[in-house]
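Provided below for reference: sequence and predicted model.
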Amino acid sequence: MEDSNIIELYWERNDDAISESAKRYGRYCKKIANNILHSREDADECVNDTWLGAWKAIPPHRPDNLSTFLGKITRNLSYNKFKSMYADKRGGGEIPVVLDELYECIPSSSSVEDEVEMAELETIINQFLHSLPELPCNVFLWRYCFVESISEIARGMP
Amino acid sequence: MKEEKLFHSVGSADEKLLAKSEKKVKVHWVKWCSIAAGIILIACAASYLLGNYMNSNVENIANGPLHITVNSVNYNFSWHSEQECPDEFEYAGTINSAIGGASSMVLNCKYYVNAEIPSWIYVYTNLMSGFPELVGNDVPDSTTTNANGKVMTYVRFVAAEALYKRCIFYNGQLYQSMWSYMAGKENDDSLLTDFKDLESRYGTQIEKIPEDCVLAGNAHLEELARIPQTELGVNFAVYDKAAVYADPNDSQVLYVSASWYTATDEEKVSTLHNGYDVFVLYTQKNSNPIA
């Protein structure tokens, strides 16, 4: 079923929206969740909550790109779960490494909380991404958005 | 933490860029899987495989997710499987009613029950063969494969209410989340009327609870896919350690802390909300939950 039809099911409050979303994007969302959580059960839980999150958000939202929309929900849920599980301790998997890599991107003397609002930070990141050629942009997103391991990124490169 | 802010910000990257990066990954995946699928089809005599595929999958996909019926109770496929039959589950017969995708892979399979956990049934089947990452990394020995070399495991099927109902046990009573109030009974008009009445009275998810509410404690995850039976036990991981508030003036309702995102057209970025999921008393009327 096409994305537009699935979105219509959500708008009609038709339960098939969930099963169709799961059929089309279940694996995709599970991959994102597993990249962050490295736990089958936790990843399954986050993916199930993704459908609930989508159900709550649509309507009124009407995403232009359903896979990206669902992926974002899964990513947020998975990261929140990761945080609640590990707090300040570092658990396994790619997320601690990814966070450490991002830590290096901010000068040690600056305080993001004091100087940069979230919206401005997103603007800056988007400007940066748009300035990149396609491949480096994709690599950046695979690593820091989808939390793919470096070996998987290398496998996926042309 | 600053790196967390950056991580969150990256997640809100331009959707067009995200869509383009997804497509590249999918193209590679599809390419290699197409080649592998083509080789398998040629090697395995396509007509026999297509016949099985048509009979077991296509005619059942329209019937929705896979579920079995035992003693008039529907049990849904839960994605959970074990290599060995779990303790205290005993052989009880063979499955003679299954509907949904891949139903032929559970029909006539042995099933196992445990009187202490009536909401679970394990079916001995090769259903999970298509998902080796879910079966486990151990190389199966000959006793766990069938004549066709498929991996046999004990797959858990769960009664719909235990699988989909979000519950909390408090003060000797069971409460269920408004979110899952209709789970398993979507066509019950009488229940729908009750749900709408409760929703207008309490809401489903709210940001502010009544002032008189008191903290009852913090929830703990008891076990997934089972109705909880210990004080402040919950059965959904999202509520583990969540603060629970009771209204001394109304024992019909509980409030469990929760957070959620919205991303409406008016919002520039997704917005995090902190509030409460509403739980209402699980009465005889809205069913006898299977523990």
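Cool, got the structure.

now for the closest residue to A:Met1 other than its chain neighbours: which residues touch it?
In this structure, A:Met1 finds its nearest non-sequential neighbour in A:Glu20, 5.0 Å apart by C-beta to C-beta, 6 or more residues apart in numbering or on different chains. Heads up, the C-betas are built off the backbone N, CA and C, glycines and all. Counting by C-beta atoms under 8 Å, 6 or more residues apart in numbering or on different chains, A:Glu20 makes contact with A:1, A:5-6, A:9.

so where's the chain uncertain?
All of this is about chain A. Scanning chain A for pLDDT under 70 picks out A:86-93, A:103-119, A:156-158.

please go with chain B instead
Checking chain B against pLDDT under 70 turns up B:1-2, B:23-65, B:101, B:129-149, B:184, B:186, B:262-270, B:284-291.

for A:Pro98, what are its contacts?
That one is not Pro; residue A:98 is Val. The neighbours of A:Val98, taking C-beta under 8 Å, 6+ apart as the test, are A:143-144, A:147, B:7.

and if we set it to 10 Å?
Applying C-beta atoms under 10 Å, 6 or more residues apart in numbering or on different chains to A:Val98 gives the contacts A:35-36, A:143-145, A:147-149, B:3, B:6-7, B:10.

so which two of the residues you listed are the farthest from each other?
Largest separation among those by C-beta to C-beta: A:Ser149 and B:Leu6, giving 19.2 Å.

what about those two, which has more around it?
B:Leu6 (22 against 15; other C-beta atoms under 10 Å in any protein chain shown).

could you look up the SS state of B:Glu88?
coil (DSSP: H, G, I helix; E, B strand; the rest coil).

what domains does the record give for the chain?
You didn't pick a chain, so chain A it is. A:1-87, A:106-158 (automatic domain parsing).

correction: the question concerned chain B.
B:2-43, B:59-162, B:165-281.

quick one: B:Gln176 from B:Thr283, how far?
The gap separating B:Gln176 from B:Thr283 is 9 Å, by C-beta to C-beta, to the nearest Å.

the more surrounded of those two?
With neighbours defined as other C-beta under 10 Å, B:Gln176 and B:Thr283 compare such that B:Gln176 has more, 24 against 13.

so that one is in which element?
Here B:Gln176 is covered by strand B:173-177, with elements defined by DSSP states H and E.

which elements pack onto that strand?
Counting contacts by 3 or more C-beta pairs under 10 Å, 6 or more residues apart in numbering or on different chains; DSSP states H and E, strand B:173-177 packs against strand B:167-170, strand B:233-234, strand B:250-262, strand B:271-281.

closest one to chain A among those strands?
strand B:250-262 (5.8 Å; C-beta to the nearest C-beta).

give me the distance from that closest one to the chain's centre.
Its chain's C-alpha centre and that of strand B:250-262 lie 20 Å apart, by C-alpha atoms, centre = their mean, to the nearest Å.

and it, C-alpha only, in PDB?
Extracted as PDB, the C-alpha positions of strand B:250-262 are listed here (Å, rounded to 0.1, in the frame of the first residue of the first chain):
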ATOM      1  CA  ASP B 250     -12.100   9.300  42.700                       C
ATOM      2  CA  SER B 251     -10.800   5.700  42.900                       C
ATOM      3  CA  GLN B 252     -11.900   5.100  39.300                       C
ATOM      4  CA  VAL B 253      -8.800   6.800  37.800                       C
ATOM      5  CA  LEU B 254      -5.000   6.900  38.000                       C
ATOM      6  CA  TYR B 255      -2.600   9.100  36.300                       C
ATOM      7  CA  VAL B 256       0.800   7.800  35.100                       C
ATOM      8  CA  SER B 257       3.500  10.200  34.000                       C
ATOM      9  CA  ALA B 258       4.300  10.100  30.300                       C
ATOM     10  CA  SER B 259       5.900  12.200  27.600                       C
ATOM     11  CA  TRP B 260       5.000  12.400  23.900                       C
ATOM     12  CA  TYR B 261       5.900  14.400  20.800                       C
ATOM     13  CA  THR B 262       3.700  16.400  18.600                       C
END
